[in-house]
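Asks: okay, predicted coordinates and the sequence, questions at the end:
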Protein chains: 2
Amino acid sequence: MHILITGAAGMIGRKLTERLVIDRALAGQPVEKLTLIDIVAPVRPAGFSDHVKTRAADLADLGVAEKAISERPEVIYHLAGVVSGEAETDFEKGYRVNLDGSRALLEAIRKTEGYTPKVIFTSSLAVFGAPFPEAIPDDFHLTPLTSYGTQKAMVELLLADYTRRGFLEGVGIRLPSIVVRPGKPNKAASGFFSGIIREPLAGQEALLPVAESVLHWHASPRSAVGFLIYAAGLTREQLGDRINLTMPGVCCTVGEQIEALRRVAGDRVAARIRKAPDALVERIVAGWPRRFDPKRALSLGFRVEKTFDEIIRAHIEDELGGKVG
Amino acid sequence: MHILITGAAGMIGRKLTERLVIDRALAGQPVEKLTLIDIVAPVRPAGFSDHVKTRAADLADLGVAEKAISERPEVIYHLAGVVSGEAETDFEKGYRVNLDGSRALLEAIRKTEGYTPKVIFTSSLAVFGAPFPEAIPDDFHLTPLTSYGTQKAMVELLLADYTRRGFLEGVGIRLPSIVVRPGKPNKAASGFFSGIIREPLAGQEALLPVAESVLHWHASPRSAVGFLIYAAGLTREQLGDRINLTMPGVCCTVGEQIEALRRVAGDRVAARIRKAPDALVERIVAGWPRRFDPKRALSLGFRVEKTFDEIIRAHIEDELGGKVG
């Protein structure tokens, strides 16, 4: 099986690549070849180099999508895109990359005779916009309040139509907020959800810009990769027409996140969180969805951590070699 | 006030033009100028010719959208598009006209400094796809089952994002099935909803391809124009972020349509309907939405006929000079 990953240099892309190299199989088929594309050339995974092509390219550029699929990969993970903040500050770039780049990929597939790959697309909870019910059902409407969310929702619609027409077999995976993100703190408004766990575990102070009552929907990077792997095994019959799915997550308050950190790593570590209220972050976070009722994804067999404790332990195992700093 | 109508040669476009020429005002402002665009040059309305420009042009062609808005019309009615059947049989044309043409218009507006017109877009119930709840609420998700519905849903998303960003003031109007459509029978699967009223009233036989129990959501052409006129008077504050609105309609079965025809025009007229079951039409219609709970549109003040009898009477008044054949 030949697998193409767009946006392969990103955090999820790298972890997905690592997992595929370890598993050497996807949906019961051996993985024979990986093609990794991103704006910057993705790093070659160790131990599988002979079977990996990497390329720096922008899908929205002329001819790039055609070239990307010219060897007819059976499975395409379409993760490429500019992030929420950038899509909001650079309107044209957001539409060019997130919408036009995705459409170029789908069009290249449609125009390739007798080729109907599985296309697994990472969508986002940003397709939803406040006000929300207590728990958002699978049939809740998409009223995004960012350009990023708009672009993701538009690609979901395209993916469903191209699937219905038989040009490809699409699945849209609406990822929860991914915590604990490895690496350095970033300026994303959501950064603190990871920061208040990651920094204390690494022996550093973390700032908490919101109240402990803030509720949110989380999954670990490990679960995110698990969703993408699992999606590849679903059949067209299982999915039906509604191919865009809200993933399960762990719903908890910031206070519950901190309690979980205390249980997993002790008082000394949890004490490294310092309150630093930020009205802007509070306001942004207030517009985000908090809790879902993802019946369809659960009934299709998608699984996530059961508690925030498990999310923290996954981070300690996967990123810290099992050790707490 | 200068008003631009795209798709002005279509049925709704013509009726909207007539109404604006009669009213000579919109949202409390005098109508000074009309620009009418369509693929074929729209007919100049009688009695207002000095103030009307007509043009045959395709918004998806390079430079057409820029030219269309070069005189900065304050209100734009964007009705242009290929219909459902054509968007399904000609995939590329559907996306080119319905999506790219609309996006070209929005982009031309965005790139015009200091210009934020009101843009009233005719969307469709085709943005919804079965299975449905008993009555579809305003916050039901969009899972179109046609390329036409996909394109309409994508433009709704764009319109909301461009509105949120302050590039324009958009309103998306999801029209019910418009009955009684004047003119000749057509091959649209929905054609019989109009045909079973229009033909008998004109002294002709009409075929009924579905069971009398089929339930549907109707509004007269007069109401459709009324929605579009009313939308121009709504403020950004009234609309909020959720600018795409399902319009109210008259929900009734085919049997109730026939009973209404009998009440309005007598047994002799109603007897001109002949049952001619068509499994294909039955199947297509089964996928369509039937009943809505359009709370938001009603609370914003949109109004429709109260009964199907009124819809028939509107047809008799507007198209038949008050006479039944």
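Replies: Sure, I can see it. Residues are numbered from 1 along each chain as shown, chains lettered A, B, ... in the order given.

Asks: near chain B, which residues of chain A?
Replies: Where chain A comes near chain B, counting by CB under 8 Å from any CB of the partner chain, the residues are A:91, A:110, A:129, A:133, A:138-145, A:147, A:150, A:153-154, A:157-158, A:160-161, A:164-165, A:241-242. (C-beta placed from N, C-alpha, C; glycine too.)

Asks: these in strands, which ones?
Replies: Among the residues of chain A next to chain B, no member falls in strands (DSSP state E).

Asks: buried subset of those residues?
Replies: The neighbour-count criterion (16 or more other CB atoms under 10 Å in any protein chain shown) marks A:110, A:129, A:138-145, A:147, A:150, A:153-154, A:157-158, A:160-161, A:164 among the residues of chain A next to chain B as buried.

Asks: just the ones of the residues of chain A next to chain B in helices?
Replies: Residues of those located in helices (DSSP state H): A:91, A:110, A:147, A:150, A:153-154, A:157-158, A:160-161, A:164.

Asks: just those residues now: which is nearest B:Ala65?
Replies: A:Phe91 (17.3 Å; CB to CB).

Asks: what pLDDT does the residue nearest to A:Ala9 when sequence neighbours are not counted get?
Replies: Leaving aside its sequence neighbours, A:Ala9 sits nearest to A:Asp38 (CB to CB, 6 or more residues apart in numbering or on different chains; 3.7 Å). With respect to pLDDT, A:Asp38 scores 96.

Asks: give me the buried positions along stretch A:240-254.
Replies: The neighbour-count check on stretch A:240-254 (16+ other CB under 10 Å) flags A:243-254 as buried.

Asks: over to stretch A:269-279?
Replies: For stretch A:269-279, the neighbour count (16+ other CB under 10 Å) marks A:269-270, A:272-273 as buried.

Asks: before we move on, the earlier item: most widely separated two among the buried residues of stretch A:240-254?
Replies: Using CB to CB, these span at most 33.1 Å, a distance reached by A:Ile243 and A:Val254.

Asks: give me the element A:Ile120 is part of.
Replies: Assigned by DSSP states H and E, A:Ile120 belongs to strand A:118-124.

Asks: which of the helices or strands spans A:Asp61?
Replies: Assigned by DSSP H and E, A:Asp61 falls outside every helix and strand.

Asks: just list whatever residues bridge to the residue nearest to A:Ala9.
Replies: A:Asp38 has these beta-bridge partners by DSSP bridges: A:Ala56.

Asks: how close does it sit to chain B?
Replies: A:Asp38 sits 26 Å away from chain B, going by CB to the nearest CB, to the nearest Å.

Asks: look at that residue and say how many residues are nearby.
Replies: A:Asp38 has 23 neighbours, counted by other CB atoms under 10 Å in any protein chain shown.

Asks: and the strands in the stretch 151-300 of chain A?
Replies: With DSSP state E, counting those that start in this stretch as the definition, the stretch 151-300 of chain A shows strands at residue ranges A:169-175, A:177-178, A:206-208, A:215-219, A:244-246, A:250-253, A:273-275, A:292-293.

Asks: now what about the lowest-mean-pLDDT helix or strand in chain A, what contacts it?
Replies: Within chain A, confidence by mean pLDDT, DSSP states H and E is lowest for helix A:279-286 among all helices and strands, at a mean of 88. By CB atoms under 8 Å, 6 or more residues apart in numbering or on different chains, the residues outside helix A:279-286 that reach it are A:130, A:189-190, A:192, A:209-211, A:214, A:216.

Asks: what do you get if the cut-off is 7 Å, keeping everything else the same?
Replies: Helix A:279-286 is contacted by residues A:189, A:209-210, A:214 when judged by CB atoms under 7 Å, 6 or more residues apart in numbering or on different chains.

Asks: out of these, who's nearest chain B?
Replies: Nearest to chain B, judged by CB to the nearest CB, of these is A:Ala189 at 17.1 Å.

Asks: how close does the closest residue to the closest one other than its chain neighbours get to chain B?
Replies: Spatial nearest neighbour of A:Ala189, chain neighbours left out: A:Ile284 (4.4 Å); criterion: CB to CB, 6+ apart. Going from A:Ile284 to chain B by CB to the nearest CB gives 14 Å.

Asks: what about A:Ile284, how many residues nearby?
Replies: If you count neighbours by other CB under 10 Å, A:Ile284 ends up with 17.

Asks: quick check: the residue nearest to A:Pro209 when sequence neighbours are not counted vs A:Glu113, distance?
Replies: Sequence neighbours aside, A:Asp278 is the residue nearest to A:Pro209 in space, at 3.6 Å (criterion: CB to CB, 6+ apart). A:Asp278 is 54 Å from A:Glu113, where distance means CB to CB, to the nearest Å.

Asks: likewise A:Ala276?
Replies: Separation of A:Ala276 from A:Glu113 (CB to CB) stands at 58 Å.

Asks: ok, the nearest residue to A:Ile197 once chain neighbours are set aside - contacts?
Replies: Leaving aside its chain neighbours, A:Ile197 sits nearest to A:Val180 (4.7 Å; criterion: CB to CB, 6+ apart). A:Val180 makes contact with A:194, A:197-198, A:311-312, A:315 under the criterion CB under 7 Å, 6+ apart.

Asks: and the end-to-end length of stretch A:97-105?
Replies: Stretch A:97-105 has an end-to-end distance of 11 Å (CA to CA, to the nearest Å).

Asks: just stretch A:259-274 next, same as before
Replies: Stretch A:259-274 has an end-to-end distance of 14 Å (CA to CA).

Asks: chain center to it: distance?
Replies: 27 Å (CA atoms, centre = their mean, to the nearest Å).

Asks: then stretch A:317-325?
Replies: The answer for stretch A:317-325 is 22 Å, by CA atoms, centre = their mean.

Asks: now swap in stretch A:228-241 and tell me
Replies: 17 Å.

Asks: now do it: everything it contacts.
Replies: Contacts with stretch A:228-241, where a contact means CB under 7 Å, 6+ apart, come from A:16, A:19, A:26-27, A:75, A:77, A:118, A:120, A:164, A:169, A:171, A:173, A:300-302, B:129, B:143, B:145.

Asks: go on, stretch A:64-83?
Replies: Identification of contacts with stretch A:64-83 by CB under 7 Å, 6+ apart yields A:1-7, A:10, A:12-13, A:16, A:26, A:35, A:37-38, A:57-59, A:93-94, A:97-98, A:101-102, A:104-105, A:108-109, A:112, A:115, A:117-122, A:228, A:232.

Asks: can I have the buried ones of the residues you listed as a PyMOL selection?
Replies: Command for PyMOL that selects the buried part of the contacts of stretch A:64-83, burial taken from 16+ other CB under 10 Å:
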select buried, chain A and resi 1+2+3+4+5+6+7+10+12+13+16+26+35+37+38+57+58+59+94+97+98+101+102+104+105+108+109+112+117+118+119+120+121+122+228+232
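
Asks: can you show me the helices along the stretch 201-325 of chain A?
Replies: Secondary structure of the stretch 201-325 of chain A (DSSP state H, counting those that start in this stretch): helices at A:221-231, A:236-239, A:254-265, A:267-270, A:279-286, A:295-300, A:308-319.

Asks: buried stuff in the third one?
Replies: Same thing as helix A:254-265. A:254, A:256-262, A:264-265.

Asks: ok, how many other residues are close to A:Leu79?
Replies: A count of nearby residues for A:Leu79, using other CB under 10 Å, gives 23.

Asks: correction: A:Gly183
Replies: Using other CB under 10 Å: A:Gly183 sits among 10 other residues.
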